[in-house]
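K.L.:
please find the sequence and the predicted model below.
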Amino acid sequence: MGTPPERRYHHSASIYEKSMYIFGGYTGDIHSNSNLTNRNDLFEYNFASGQWCQVKYEGKLCPVPRSAHGAAVYDNKLWIFAGDLTTKLKLFYFNFNLFLSNKAMMEMPDSMTCGLFL
């Protein structure tokens, strides 16, 4: 079954092929407004196997923790954009084609940053 993500709020959930991907959001107690922490983790739930797994990524350009953001799958990429974050607005994507191979991250020019994650 794997380990599912912690209970969270204002995360994104996107479907790609046979899996659902959960990114970010915040954890903590929404009712008492305490211990709220923005996250930048990515989890995959495979519908066929019923398994959860955390997608690991690394590098200096990891997506910043965020909640209340948008996410969309386009061109085999999971685009993560906007949301409630403490740094300047950044745009990231996870390239699904690269989940099966080890590729380094890349940076887009100007103020946008995108990453190809492991």
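P.N.:
Here it is on my side, so go on.

K.L.:
from here on, contacts and neighbour counts on C-alpha atoms
P.N.:
Noted.

K.L.:
could you check how many residues crowd around Gly24?
P.N.:
27 (other C-alpha atoms under 10 Å).

K.L.:
what ranges of the chain fall below the confidence cut-off?
P.N.:
Within the chain, the stretches with pLDDT under 70 are 58-61, 85-118.

K.L.:
which residue ranges of it form strands?
P.N.:
12-16, 19-23, 26-29, 34-38, 42-46, 51-55, 70-74, 77-81, 91-95 (DSSP state E).

K.L.:
between the ones you listed, which gets nearest to Gly2?
P.N.:
strand 51-55 (4.7 Å; C-alpha to C-alpha).

K.L.:
who does the closest one pair with, and is each partner parallel or antiparallel?
P.N.:
strand 42-46 (antiparallel) (DSSP bridges).

K.L.:
give me the angle between the strand it pairs with and strand 19-23.
P.N.:
Strand 42-46 and strand 19-23 meet at an angle of 160 degrees, taking axes from the mean of the first three to the mean of the last three C-alpha atoms, to 10 degrees as the criterion.
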